[in-house]
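Q: Sequence and predicted structure below; questions after.
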Amino acid sequence: MNGQNQKPKQEREREREREREQEQEQAQALKALAPKQSLAALGLSKTFTLHLSGPAQLKALDGVDLSVGPKECLGLTGPSGSGKSSLLRCLYGNYRLSSGDVILKHEDSVVTLSKASDRLILAIRVQTIGYVSQFLRVIPRVATLDIVSEPLLTVGWSQDRSHKAAGEILDRLRIPKKLWSLPPATFSGGEKQRVNLARVFVKAWPILLLDEPTASLDAKNRDSVCSLIIEAKERGSAIVGVFHDLDFLNRVADSQIRLSPPRQAS
Amino acid sequence: MNEKSILKAQNLTKNYGSQVGCLGVDLEVYPSEILGLVGESGSGKTTVLNLLSGRLKPDCGSVLYSMACGDQIDIHAISEAKRRAISRSELGFVHQNPVNGLNLNVSAGANIAERLLSGGERSYHRARAKAIKWLEKVEISASRLDEKPENYSGGMRQRLQIAKNLVTEPKLVFLDEPTGGLDVSVQARLLDLLRRLQADLGLSAILVTHDLGVARLLSQRLMVMKDGRIIESGLTDRVLDDPQQPYTQLLVSSTLEV
């Protein structure tokens, strides 16, 4: 009996301990993120250990600092292999950080990414960070309209309202209505990319990460994406993007960071 | 974030004689979450699934399940009768081979209704109506309700098995290679179905698969098993895109694009 009574008490103490730790982390994180910032990277480094070849160490990012606030777009530039996509993936929690940290505002709190639980990162991806990857990866046989509606359904929108919003964004990105009921598997590269964009721009995000969003688009669609980005900015999104096209970069970005390929240890 | 898990396993260990089934497995499943469990055949995935669902007794460790009523129970500490009652109402188990989860000698409708009737449903008409509703959800024509599943194709049997498990609207479903051995077109339909059920019913699931592509599309978090142990776990996309362990790197790099 005694043992059973003690257990909850220990658990309560552990919970209090956890709460204290969380409060301390929160205070530290708040200090690291200036009041008007939405997202910051501090000395962010990423090194891959490739066990199958050696093991070899491959440095992708070496001490990157950045910060971005609401209504701001930060463009990442640098040659191929300088870690632009890796940086976005680190910011999204897709890659584990090797050192340094990412701090971001999520709902009413400030989150330190390296300490966030998997469940918290999942919640951040539902509510706070939208990410346009280079490739569309979806369950086969799901209709385009449903794919684009999903981020809204997940946050509790009705099917009708989500479908309406999805239709509007598909329209703006010139996906013909007759394709909406089809899965995007058979679409062209450009169409797939526009579906990928529609799926993110259908919702307003506090933070947006864009990895080459216009890589295979024609001029008209590039213009549409440009106005979507500017509108998102006006609505208050903090945006970090990789844009291969310099003209486009100058149209949307308020500031730029140039990455250079990290020096590999020999 | 202080959410409460729906299932919590601690230190699950099972040996088959001198052969290790699984060793010190800890895991938690949260509401409306699909947790993937991947690894080669013989790595202990199915053992873990059987221990979690109470079909197999562990040598040590516990499995705590939060029931719909809010009470927490240890799956292995309750009576066999109570465990069965919970297994038939709040839990589901989808076998890799639908033959193990269906009775091929009675009609599809009877297969579905059986779970309802054993759960206390007294009205034949209500049970039949629910059976029809669920057949339609898994895209089997209601006209085949009275047919025996021995006439069904493999893909249809698997969908029937899923319908049978979900008719009581369980909170947690154990999926053992649910798409193994199916045509890719049928597999895609099943993946879509499972995703929709997760969204619409708030279903939680533990998905055992050796197909990393299936794990990527369905599960939010992923655990990798090797030789009976969990060697790596985390966000599904992170485990697959930035694997840390040598074995996980081998697994990911051996797979055609996932």
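A: Looks like it came in fine.
Q: What about the residue lying closest to A:Ser99 once chain neighbours are set aside, how many residues nearby?
A: Of all residues not flanking A:Ser99 in the chain, A:Ser45 sits nearest, at 4.7 Å (C-beta to C-beta, 6 or more residues apart in numbering or on different chains). All C-beta atoms are positioned from the backbone trio N, CA, C, and that covers glycine. Using other C-beta atoms under 10 Å in any protein chain shown, A:Ser45 is surrounded by 18 other residues.
Q: And the pLDDT for A:Ser45?
A: On pLDDT, A:Ser45 comes in at 97.
Q: Likewise for A:Gln4?
A: For A:Gln4, pLDDT reads 48.
Q: next one: the one 4 residues further on
A: Looking at A:Pro8, its pLDDT reads 72.
Q: B:Leu116 now?
A: We have a pLDDT of 89 for B:Leu116.
Q: B:Met1 too?
A: Looking at B:Met1, the pLDDT reads 61.
Q: Quick one: name the residues of the stretch 51-200 of chain A near chain B.
A: By the rule C-beta under 8 Å from any C-beta of the partner chain, the part of the stretch 51-200 of chain A lying against chain B is A:51-52, A:55, A:89, A:93-96, A:117-123, A:137-142, A:153-154.
Q: Could you point out the longest helix of chain A?
A: With secondary structure taken from DSSP state H, chain A has its longest helix at helix A:2-32.
Q: actually chain B, sorry about that
A: Under DSSP H, chain B gives helix B:184-201 as its longest helix.
Q: Can you list the neighbours in contact with the helix or strand that comes right after that one?
A: Moving toward the C-terminus from helix B:184-201, the first helix or strand encountered (DSSP states H and E) is strand B:204-208. Contacting residues not belonging to strand B:204-208 are listed as B:6-7, B:29-38, B:45-46, B:48-49, B:52, B:171-178, B:194, B:198, B:214-215, B:218-219 [C-beta atoms under 8 Å, 6 or more residues apart in numbering or on different chains].
Q: Tell me which of the residues you listed fall in strands.
A: Judged by DSSP state E, strands contain the following of the contacts of strand B:204-208: B:Leu7, B:Val29, B:Ile34, B:Leu35, B:Gly36, B:Leu37, B:Val38, B:Leu172, B:Val173, B:Phe174, B:Leu175, B:Asp176.
Q: Quick one: neighbours of residue 21, just the number.
A: Picked chain A for this. Applying other C-beta under 10 Å, we find 11 residues neighbouring A:Glu21.
Q: I was after chain B.
A: B:Gly21 has 21 nearby residues by other C-beta under 10 Å.
Q: So it: helix, strand or coil?
A: Three-state assignment for B:Gly21 (DSSP: H, G, I helix; E, B strand; the rest coil): strand.
Q: was I right about it contacting B:Gly44?
A: Yes. Counting by C-beta atoms under 8 Å, B:Gly21 does reach B:Gly44; the two are 5.7 Å apart.
Q: Overlap in contacts, those two.
A: Common contacts of B:Gly21 and B:Gly44 (C-beta under 8 Å, 6+ apart): B:Gly228.
Q: for the chain, what helix or strand is lowest in average pLDDT?
A: Answering for chain A, as no chain was given. Lowest on mean pLDDT, DSSP states H and E among the helices and strands of chain A sits helix A:2-32, with a mean of 73.
Q: try again with chain B
A: That would be, for chain B by mean pLDDT, DSSP H and E, helix B:184-201 at a mean of 82.
Q: mind listing what's buried in it?
A: By neighbour count with 16 or more other C-beta atoms under 10 Å in any protein chain shown, helix B:184-201 contains the buried residues B:186-198.
Q: now do stretch B:241-257
A: B:Asp242, B:Pro243, B:Gln244, B:Pro246, B:Tyr247, B:Thr248, B:Gln249, B:Leu251, B:Val252.
Q: what's that stretch in contact with?
A: For stretch B:241-257, contacts defined as C-beta under 8 Å, 6+ apart pick out A:48-52, A:55, A:89, A:94-96, B:38-40, B:212-213, B:224, B:226, B:231-232, B:239-240, B:258.
Q: what does stretch A:203-211 give?
A: Here stretch A:203-211 has contacts from A:38-39, A:68, A:70, A:84-85, A:88, A:91-92, A:104-106, A:127-134, A:151-152, A:155, A:200, A:229, A:232, A:235-243, using C-beta under 8 Å, 6+ apart.
Q: Show the contacting residues for A:Tyr95.
A: A:Lys46, A:Ser86, A:Arg89, B:Arg238, B:Asp241, B:Asp242.
Q: Can I get these in TSV including secondary structure and distance to B:Arg115?
A: What follows is these, written out as TSV (DSSP: H, G, I helix; E, B strand; the rest coil; distance: C-beta to C-beta, whole Å):
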residue	secondary structure	distance to B:Arg115
A:Lys46	strand	49
A:Ser86	helix	49
A:Arg89	helix	44
B:Arg238	helix	37
B:Asp241	helix	39
B:Asp242	coil	41
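Q: Those into TSV, with extra columns for distance to A:Ile207?
A: Below are the contacts of A:Tyr95 laid out as TSV (distance: C-beta to C-beta, whole Å):
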residue	distance to A:Ile207
A:Lys46	19
A:Ser86	18
A:Arg89	14
B:Arg238	18
B:Asp241	20
B:Asp242	20
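Q: so who does B:Tyr124 touch?
A: B:Ala113.
Q: mind checking how far it is from B:Leu160?
A: Distance from B:Tyr124 to B:Leu160, counting by C-beta to C-beta, to the nearest Å: 19 Å.
Q: neighbouring contacts of the longest helix of chain B?
A: Applying C-beta under 8 Å, 6+ apart, the contact partners of helix B:184-201 are A:139-142, A:153-154, B:32, B:34, B:137-139, B:154-155, B:158-159, B:162, B:166, B:169, B:175, B:178-179, B:182, B:203-205, B:214, B:217-218.
Q: Equivalent analysis for stretch A:135-150, please.
A: A:157, A:159, A:162-163, A:165-167, A:169-170, A:175, A:179-185, A:187, A:192-193, A:195-196, A:198-199, A:202, B:184-185, B:188-189, B:191-192, B:195, B:216-217.
Q: Take these and keep only those in helices.
A: Per DSSP H, the subset of the contacts of stretch A:135-150 in helices is A:159, A:162-163, A:165-167, A:169-170, A:192-193, A:195-196, A:198-199, B:184-185, B:188-189, B:191-192, B:195, B:216-217.
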